[in-house]
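*Asks:* I need the structure of the sequence given here:
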Amino acid sequence: MNEAVPFIGISRHRIGVDGVGVTTLAAFHGCTLKCKYCLNAICLGSSEGLERLTPQELFDRVHIDNLYFLATGGGICFGGGEPLIRVDFISEFRKLCGNGWRLTAESALNIPRENLKKAAEVIDDFIIDIKDCNPAIYKAYTGHSNRRALYNLRWLVKKKGADHIMVRVPLIPNHNSESDRDASIEWLKSIGITKIDKFNYIIRDKK
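*Replies:* Coordinates of the predicted model:
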């Protein structure tokens with residue numbers, strides 16, 4: 001897979017927000033959802049004008065921080081958008097960087113199971129944005145069903161183990177409540193999830 005794909009940004013020297021150690025966030029364009037409060041709404045629009053990179057070109061760009069990655073156990077965090085729609089790119093990148101770098105993916109898991117199976121072979125850790133486990137709340141917020149995402153999460157727990165998965169569970173203004181979020185957390189615990197990031201979306205009024 002040597003095709004150049006669009007990126008919405010590459011951010012170096014991130015610590016404590018994208019997994020273990022010093023990381024570089026490589027954010028792909030493109031997503032499978034249309035969330036009401038999208039952090040990176042640019043990923044939903046046209047990719048025209050965005051920087052395009054092949055796996056080799058991305059590797060050449062981020063290799064400057066090789067010593068940081070090796071010394072801290074860090075590496076690359078693939079985000080977006082939904083990075084796992086670019087799983088062939090990530091697989092090729094793994095061949096280039098080898099096993100010395102930790103690869104992390106920030107995903108909503110609303111992707112085909114085949115994509116997830118390929119990702120599980122090359123990604124070390126997963127940060128999952130589950131939104132809300134209630135199907136009605138999820139659909140109102142994202143425009144899609146969460147059935148596939150929840151099935152994929154169950155599969156991922158069995159495949160990778162809970163130690164390699166952290167799930168983010170937000171309180172979303174005008175969409176879910178504290179009790180809704182608590183219900184999501186209880187369900188996550190019931191399938192073996194132990195790492196849970198409970199946080200609140202902060203929506204700023206547009207002026």
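*Asks:* Would you map the strands across the chain?
*Replies:* In the chain, the segments counted as strands under DSSP state E are 5-15, 22-28, 51-53, 75-79, 102-107, 125-129, 165-171, 195-200.
*Asks:* bridging residues for the most centrally placed residue in the chain?
*Replies:* Closest to where the C-alpha atoms of the chain average out (CA atoms, centre = their mean) is residue 106, at 1.3 Å. Legend: beta-bridge partners of residue 106 under DSSP bridges are residue 127.
*Asks:* circling back to that earlier point, turn the strands of the chain into TSV, including distance to residue 157 and mean pLDDT.
*Replies:* Bear in mind the C-beta positions are built from the backbone N, C-alpha and C, glycine included. Written out in TSV, the entries for the strands of the chain read as follows (distance: least, CB to CB, whole Å; pLDDT from 0 to 100):
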stretch	distance to residue 157	mean pLDDT
strand 5-15	26	95
strand 22-28	23	97
strand 51-53	32	98
strand 75-79	20	98
strand 102-107	14	98
strand 125-129	10	98
strand 165-171	6	97
strand 195-200	11	95
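*Asks:* Can you tell me which of those strands is nearest to residue 68?
*Replies:* In terms of CB to CB, the element of the strands of the chain nearest to residue 68 is strand 22-28, at 4.2 Å.
*Asks:* Determine the number of other residues adjacent to residue 88.
*Replies:* Here the count is done by other CB atoms under 10 Å, and residue 88 has 14 residues near it.
*Asks:* about what we covered before: so the residue nearest to the centre of the chain touches residue 80, yeah?
*Replies:* Yes. Using CB atoms under 8 Å as the test, residue 106 is close enough to residue 80 to be in contact (7.5 Å).
*Asks:* Show me where this structure dips below the pLDDT cut-off.
*Replies:* Along the chain, the model assigns pLDDT under 70 to residues 1, 204-207.
*Asks:* Cross-check the contact I'm expecting between residue 146 and residue 128.
*Replies:* No. Residue 146 is beyond contact range of residue 128, at 11.7 Å (criterion: CB under 8 Å).
*Asks:* all helices for this structure, in order.
*Replies:* Using DSSP state H, the helices found in the chain span residues 55-62, 66-72, 87-97, 113-122, 135-142, 147-160, 178-190.
*Asks:* And the third one, what's buried?
*Replies:* Across helix 87-97, burial judged by 16 or more other CB atoms under 10 Å covers 87, 89, 90, 91, 92, 93, 94, 97.
*Asks:* Turn those residues into JSON lines, columns for distance to residue 46.
*Replies:* As requested, these are arranged in JSON lines below (distance: CB to CB, whole Å):
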{"residue": "87", "distance to residue 46": "23"}
{"residue": "89", "distance to residue 46": "20"}
{"residue": "90", "distance to residue 46": "23"}
{"residue": "91", "distance to residue 46": "26"}
{"residue": "92", "distance to residue 46": "25"}
{"residue": "93", "distance to residue 46": "25"}
{"residue": "94", "distance to residue 46": "29"}
{"residue": "97", "distance to residue 46": "30"}
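*Asks:* Turn the helices of the chain into CSV, including distance to residue 33.
*Replies:* What follows is the helices of the chain, written out as CSV (distance: least, CB to CB, whole Å):
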stretch, distance to residue 33
helix 55-62, 24
helix 66-72, 30
helix 87-97, 17
helix 113-122, 14
helix 135-142, 4
helix 147-160, 9
helix 178-190, 17
